[in-house]
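K.L.:
Give me coordinates for this.
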Amino acid sequence: MKMKHILAIIAPLLLLLLTFLAPVGAFAARSLSFGLSGSDVTTLQNTLITKGYLAAGKATGYFGPLTEAAIKKFQCEQSIICTGTRASGYGVYGPRTQAALGGTGTTASQFEFSGWIPYWRAATGTADVIPHLSQLTSVMPFGYTMKKNGTLADTAKLTEEPWTSFIAAAKKANVRVVPSVMWGDGETIHQILSNTATRIALEDEIANIVKQNGFDGIDIDFEAKKHETVDYFSTFLKGLDMRLGNKWLYCTVEARMPLNHRFSPGAAIPPDAMDYANDYAQMNKYCDRVEIMAYDQGTIDVYLKGIRPAPYAPVADPEWVESLVTLAAQSISKDKLIVGIPTYGYEYQISLLPDASFTYKVLWPFNPRYATDIAAQFGITPVRTAAGELSIITTAATPPPEDSESTQTQQATPSPVIQSPASLISAIRTFNYLTWSDAKAIANKVALARKLGIRGVAVFKFDGGQDPAMWDVLK
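P.N.:
Just a heads-up that it's a prediction; the model follows:
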């Protein structure tokens, strides 16, 4: 008899023997596995639904393939077991899995740190992350883009260096590699996903690329979708989830603001104000992680803009972030929610109007060193804003940062930097305002995510240009 056949017979007997030899009270629940049924299976399924591992309505009382797949995902995520057969415990609701699943909330050991590495800074981004892989749960190479015909383009060239060496290092460190697919053409997204043939073809292409390249999953970042696309997008996620099997499906979505942050008190709320392009409840069914892009706030929050000192145009105010997460958590399991944290800043040209209000013109995004170099040049200490970010004010236009993708150009030489009191701002009338996310601002977001009890945080972006002290707070 072959050794594998002997092990197949002995392993279940050993598990049974251990069950009987365990001290009384060590574990009272029976182990559950494929084919079993009963009220305890229903209880297990309801727990899996609550924690986001099983779709709503699947508490049938029968331990079938969907329940087994959900258990496998949970076991792999908790580092209990991530490969093997039922005899080895993979997909079985045994003592260790019972103990882990029985906990509530997200413990410190379960809290996840992850982030995106942009293709346009692949060399510096991968070099920056490699020494810190032990701090991360996953990395998202940013990544794939989409062609007009609905097929993928490997914009990052993930099969070439420096990615091949980086991906090998990540796998060695047991860090998930989950490349992003970026798409921001709402019209074409609708055209491709509303057509059954092209939608299925895209699902197949993405799933095949994940499996052929040995990726741990895929991150879907389809932005600027139309409301008419909402159901087609949910169908796409359902099909992709099915094709990926045990691979991870991450879903990155734009921030959704509560109505009281979008509209002033007493303002007429338009009837289409809640015609969203993402169905959060459906995403909760099919996405293993839902990453909220909680950045690029600017001037859009009417409520906070009205109570914060001016000028006010943060990359991400913690109070704003909390409102986004609280809203999302009404439909999405906290065990799946990830908060996106910015590592960059924005420069604005601001004008003071006669009525004492401000107008804001976005000039460009920048990495922190752009602002700190300007501040150092004139011996000025940046000021921490009400949103927890650093800021400086200049009295004239500054040249664009070297790595800015902005097409705008300004040739003026920077004038001395000032941190102006309100009276001096009134005299200046027009000035440039720089605000950015440093390690302290990042630490505040991490603390907020822990307080809210969500799964973790994802940094945008790892490119070597962020505040280097950031790595001291991603722990």
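
K.L.:
and Arg96, how far is that from Tyr53?
P.N.:
Distance from Arg96 to Tyr53, counting by CB to CB, to the nearest Å: 16 Å. For glycine as for every other residue, the C-beta is placed from the backbone atoms N, C-alpha and C.

K.L.:
Specify which residue of those two has the higher count of neighbours.
P.N.:
Neighbour count, other CB atoms under 10 Å: between Arg96 and Tyr53, Tyr53 has more, with 23 against 15.

K.L.:
What's the separation between the more buried one and Asp279?
P.N.:
19 Å.

K.L.:
Then Ala170?
P.N.:
For Ala170, the distance to Asp279 equals 32 Å [CB to CB].

K.L.:
More neighbours: which of the two?
P.N.:
For Ala170 and Asp279, the more surrounded residue by other CB under 10 Å is Ala170, and the numbers stand at 22 against 15.

K.L.:
Quick one: classify that one as helix, strand or coil.
P.N.:
Here Ala170 is recorded as helix under DSSP: H, G, I helix; E, B strand; the rest coil.

K.L.:
Look at it and report its pLDDT.
P.N.:
Predicted confidence (pLDDT) for Ala170: 97.

K.L.:
what do you get for Ile380?
P.N.:
pLDDT at Ile380 comes out at 82.

K.L.:
and Leu136, what does it touch?
P.N.:
Residues in contact with Leu136 (CB atoms under 8 Å, 6 or more residues apart in numbering) are Phe113, Ser114, Gly115, Val129, Ala173, Val175, Leu474.

K.L.:
what's the closest of these to Ala447?
P.N.:
Leu474 (12.0 Å; CB to CB).

K.L.:
does the closest one really touch Gln135, like I thought?
P.N.:
Yes: judged on CB atoms under 8 Å, Leu474 makes contact with Gln135 at a distance of 5.4 Å.

K.L.:
what about the two, which has more around it?
P.N.:
Counted by other CB under 10 Å, Leu474 and Gln135 do not tie: Leu474 has more neighbours, with 18 against 15.

K.L.:
Measure how buried Glu291 is and give me the count.
P.N.:
Neighbour number of Glu291 under other CB under 10 Å is 27.

K.L.:
so it is in which element?
P.N.:
According to DSSP states H and E, Glu291 maps onto strand 289-293.

K.L.:
Next up, the contacts around the most centrally placed residue in the chain.
P.N.:
Nearest residue to the geometric centre of the chain (CA atoms, centre = their mean): Glu291, 2.8 Å. When contacts are counted by CB under 8 Å, 6+ apart, Glu291 touches Asp219, Tyr250, Cys251, Thr252, Val253, Ile338, Val339, Gly340, Ala458.

K.L.:
if I look at it, how far off is Asp221?
P.N.:
Using CB to CB, we find Glu291 at a distance of 8 Å from Asp221.

K.L.:
okay, and the common contacts of the two?
P.N.:
Common neighbours of Glu291 and Asp221 (CB under 8 Å, 6+ apart) are Thr252.

K.L.:
Enumerate every residue touching Cys82.
P.N.:
Gln75, Cys76, Tyr90.

K.L.:
contacting residues around Leu240?
P.N.:
Glu203, Ile206, Ala207, Ile218, Ile220, Leu249, Tyr286.

K.L.:
burial measure for the closest residue to Thr372 other than its chain neighbours, as a count.
P.N.:
Closest residue in space to Thr372, ignoring its immediate chain neighbours: Pro382 at 7.3 Å, by CB to CB, 6 or more residues apart in numbering. When neighbours are counted by other CB under 10 Å, Pro382 registers 22.

K.L.:
Same question for Gln212.
P.N.:
Neighbours of Gln212 under the rule other CB under 10 Å: 8.

K.L.:
State the distance from it to Pro400.
P.N.:
Distance of Gln212 to Pro400, computed by CB to CB: 40 Å.

K.L.:
All the helices of the stretch 301-450 of the chain, residue numbers only.
P.N.:
302-307, 318-328, 368-377, 422-428, 439-452 (DSSP state H, counting those that start in this stretch).

K.L.:
Rebuild these as a markdown table, extending it with distance to Ala386 and mean neighbour count.
P.N.:
Formatted as a markdown table, those follow (distance: least, CB to CB, whole Å; neighbours: other CB atoms under 10 Å):
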| stretch | distance to Ala386 | mean neighbour count |
| --- | --- | --- |
| helix 302-307 | 9 | 16 |
| helix 318-328 | 9 | 20 |
| helix 368-377 | 18 | 18 |
| helix 422-428 | 14 | 12 |
| helix 439-452 | 12 | 19 |
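
K.L.:
Can you say which of the ones you listed is nearest to Asn260?
P.N.:
That would be helix 302-307 among the helices of the stretch 301-450 of the chain, by CB to CB, at 5.9 Å.

K.L.:
mind giving me the domain split of the protein?
P.N.:
3-21+31-101, 112-265+275-343+440-472, 347-436 (automatic domain parsing).

K.L.:
ok, and which of these has the densest surroundings?
P.N.:
Of these, the one with the most neighbours on average (mean count of other CB atoms under 10 Å) is domain 112-265+275-343+440-472, at a mean of 19.

K.L.:
For stretch 390-400, C-alpha coordinates in PDB please.
P.N.:
Coordinates of each C-alpha in stretch 390-400 appear next as PDB, following Å, rounded to 0.1, in the frame of the first residue of the first chain:
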ATOM      1  CA  LEU A 390       1.400  69.700   8.000                       C
ATOM      2  CA  SER A 391       1.100  72.900   6.000                       C
ATOM      3  CA  ILE A 392       2.900  76.000   4.800                       C
ATOM      4  CA  ILE A 393       1.900  79.100   3.000                       C
ATOM      5  CA  THR A 394       3.900  80.900   0.200                       C
ATOM      6  CA  THR A 395       3.300  84.500  -1.000                       C
ATOM      7  CA  ALA A 396       3.900  83.600  -4.700                       C
ATOM      8  CA  ALA A 397       3.700  80.700  -7.100                       C
ATOM      9  CA  THR A 398       6.100  77.900  -6.600                       C
ATOM     10  CA  PRO A 399       7.600  75.700  -9.400                       C
ATOM     11  CA  PRO A 400       5.900  72.300  -9.800                       C
END
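
K.L.:
out of the helices of the stretch 301-450 of the chain, nearest to His261?
P.N.:
When these are compared (using CB to CB), the closest one is helix 302-307, at 4.7 Å.

K.L.:
now for the closest one, which elements pack on it?
P.N.:
When contacts are defined as 3 or more CB pairs under 8 Å, 6 or more residues apart in numbering; DSSP states H and E, helix 302-307 packs onto helix 259-262.

K.L.:
From the chain's centroid, how far away is the one helix or strand Gly239 maps to?
P.N.:
Taking DSSP H and E as the criterion, Gly239 maps to helix 230-244. Helix 230-244 has its C-alpha centroid displaced from the chain centroid by 18 Å (CA atoms, centre = their mean, to the nearest Å).
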